[in-house]
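Trainee: Based on what follows, work out the 3D shape:
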Amino acid sequence: MPAALFGAIAGAAIGAALVWFALRHRLAKTSAAADKMATQLSTLSHDVRSALSAGVLMAERLEHNSDPAVREAAAMLMSSMDRAAEAARVAGRQGV
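Mentor: Predicted structure coming up:
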């Protein structure tokens with residue numbers, strides 16, 4: 001095999017190996033960042049659901065009020081809280 005051809009093949013192999021190592025390093029960094037973001041999203045989801053629980057409890061109490069307007073407002077509030085809690089649950093599952 002001519003020396004020039006051998007040098008070209010060796011150079012291509014070394015270049016490919018360097019690219020592979022660089023991509024592997026970048027993938028490891030990206031994976032670590034994705035893991036960190038997933039953990040943060042899961043924590044945020046938990047915190048949001050915890051904050052919503054007080055509103056849900058209050059809406060449940062208002063549903064038993066004698067005033068029909070208060071009961072209607074409580075039903076709307078409960079519906080909104082349920083949607084928000086479900087969105088937080090979905091986000092938390094995607095984060096894990």
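Trainee: Helix or strand next in line after the helix or strand bottoming out on mean pLDDT in the chain, which one?
Mentor: One helix or strand of the chain scores below all others by mean pLDDT, DSSP states H and E: helix 3-62, with a mean of 79. Sequence order places helix 68-95 as the next helix or strand after helix 3-62, per DSSP states H and E.
Trainee: for that next one, packing partners?
Mentor: helix 3-62 (3 or more C-beta pairs under 8 Å, 6 or more residues apart in numbering; DSSP states H and E). For every residue, glycine as well, the C-beta is placed using N, CA and C.
Trainee: For the helix it packs on, what is the distance to the chain centroid?
Mentor: The chain centroid and the centroid of helix 3-62 are separated by 11 Å, computed with C-alpha atoms, centre = their mean, to the nearest Å.
Trainee: for stretch 55-70, same thing?
Mentor: Centroid displacement of stretch 55-70 relative to its chain, using C-alpha atoms, centre = their mean, is 33 Å.
Trainee: Mind listing residues that contact that stretch?
Mentor: 71, 73-75, 77-78, 81-82, 85 (C-beta atoms under 8 Å, 6 or more residues apart in numbering).
Trainee: Of those residues, keep whichever come out buried.
Mentor: Using 16 or more other C-beta atoms under 10 Å as the burial test, those include 74, 77-78, 81, 85 as buried.
Trainee: Sweet, I'm off.
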